[in-house]
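Novice: Fold the following for me, if possible:
(one chain, ligands or ions: 2)
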Amino acid sequence: SLAGLDLLAEINRLKKERNAVILAHYYQKPEIQDLADFVGDSLELSKKAAATDADVIVFSGVRFMAETAKILAPDKIVVLPDMDAGCSLEDSCPPDKFAAFRAEHPDHIALTYINCSTEVKALSDIIVTSSSAEKILSQIPPEQKIIFGPDRHLGGYLTRKLGRDMLLWPGVCIVHEAFSETELLKLKAQHPTAPVAAHPECPAYILDHADYVGSTSGILEFSKTMPGDTLIVATEPHIIHQMQKAMPEKTFIGAPGADGNCNCNICPYMALNTLEKIYLCLRDLTPRIEMDEELRVQAKKSLDRMLEMAA
Ligand code: 13P
Ligand code: SF4
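Specialist: Ligands and ions are numbered 1, 2, ... in the order given. Predicted structure coming up:
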């Protein structure tokens, strides 16, 4: 039993022993964010994984992120605290269906959100994250036809923002899909001067009310320069931990779901990770990300394109 263990001390001891680095996404529980060596958005975490000189990467995020780390750092041991930490966007896009969709549109390239399986990355031409998508898309010649998947809301946002038609895969993030426009408008009425910062995984009817749209890191940056002392945050609410830490005197309110609070917007996959599971995966070096080498090399091509074009 783990009862009585000083988990933080044990994790730090094992981290040194294993020469491990702990990478965490902004959607992790506060105690995990505070313990991590680095907290970031998807692009930053990929870059950290590619550059680390640690022997072990503990990826406190979801499976596609840990797989991305393994694709970019194949010689490292990459562990994920809970192998069931998936993503609804990944689930929406089975590789065989995606391959069939591509085959139906042979004159299109596939620009694909990083929130997908390694197999789908291998079937794609260029990967994007929410922080790099605009920069990457603007480098693709206007006559080039594009399939964008799996997030139709991010795809729709890019289409509107850059005036660029793309064929969209119909996937959604269940977390960002849960925000309620009616409840958001009620909240805005209570805080008429508070800006709204939203993630582009939100549906258009939420983004329409946003003063700022961007990745988790972008939203965090915006919170530091925003006018006033109150911000409405339309993304997974655990990111508020970083804002509250940096600006304890300001007020950060998670955008509500249909029930009027923001608890329904907690990502159930991200929430599977706990301090206990981080301790266990450092101790046992499992669950470990493994993949077929041919598949890895194929998936790395589209990720390398992202890293070049986002640079
Ligand atoms: P970013 O941190 O890249 O904005 O991604 C958000 C997300 O939904 C990750 O699952
Ligand atoms: Fe996937 Fe949405 Fe959870 Fe991110 S927040 S891991 S996109 S389900």
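Novice: Now name the helix or strand holding the one residue in the stretch 101-250 of the chain that gets nearest to ligand 2.
Specialist: Proximity of the stretch 101-250 of the chain to ligand 2 (CB to the nearest ligand atom) peaks at C173, 3.2 Å away. To be clear about C-beta, it is placed using only N, CA and C from the backbone, and glycine gets the same treatment. In the assignment (DSSP states H and E), C173 maps to no helix and no strand.
Novice: list the contacts for it?
Specialist: 87-89, 115, 151, 153, 201 (CB atoms under 8 Å, 6 or more residues apart in numbering).
Novice: Which residue ranges of the stretch 101-250 of the chain form helices?
Specialist: With DSSP state H, counting those that start in this stretch as the criterion, the stretch 101-250 of the chain has helices at 118-122, 133-137, 152-162, 181-190, 204-207, 216-225, 240-246.
Novice: ranking the ones you listed by burial, who's on top?
Specialist: Mean neighbour count (mean count of other CB atoms under 10 Å) peaks for helix 118-122 among those, with a mean of 24.
Novice: beta partners for T112?
Specialist: I127, G149 (DSSP bridges).
Novice: near ligand 2, which residues of the stretch 101-250 of the chain?
Specialist: Selection of the stretch 101-250 of the chain residues close to ligand 2 by CB under 6 Å from any ligand atom yields 115, 173-175, 201, 236.
Novice: Go again with 5 Å.
Specialist: Residues of the stretch 101-250 of the chain lying near ligand 2 by CB under 5 Å from any ligand atom: 115, 173, 175.
Novice: Identify the residue nearest the second one in space, chain neighbours excluded?
Specialist: Spelled out, that is C173. Spatial nearest neighbour of C173, chain neighbours left out: E201 (4.3 Å); criterion: CB to CB, 6 or more residues apart in numbering.
Novice: Spit out the contact partners of that neighbour.
Specialist: 130, 151, 153-154, 172-173, 175-176, 235.
Novice: Pull out the buried residues from the helix or strand M306 falls within.
Specialist: Using DSSP H and E, M306 sits within helix 293-310. Residues of helix 293-310 classed as buried by neighbour count (16 or more other CB atoms under 10 Å): 296, 298-300, 302-303, 305-307, 309-310.
Novice: Equivalent analysis for stretch 264-273, please.
Specialist: 264-267, 269-270, 272-273.
Novice: which ones among those are found in helices?
Specialist: Judged by DSSP state H, the buried residues of stretch 264-273 include no members of helices.
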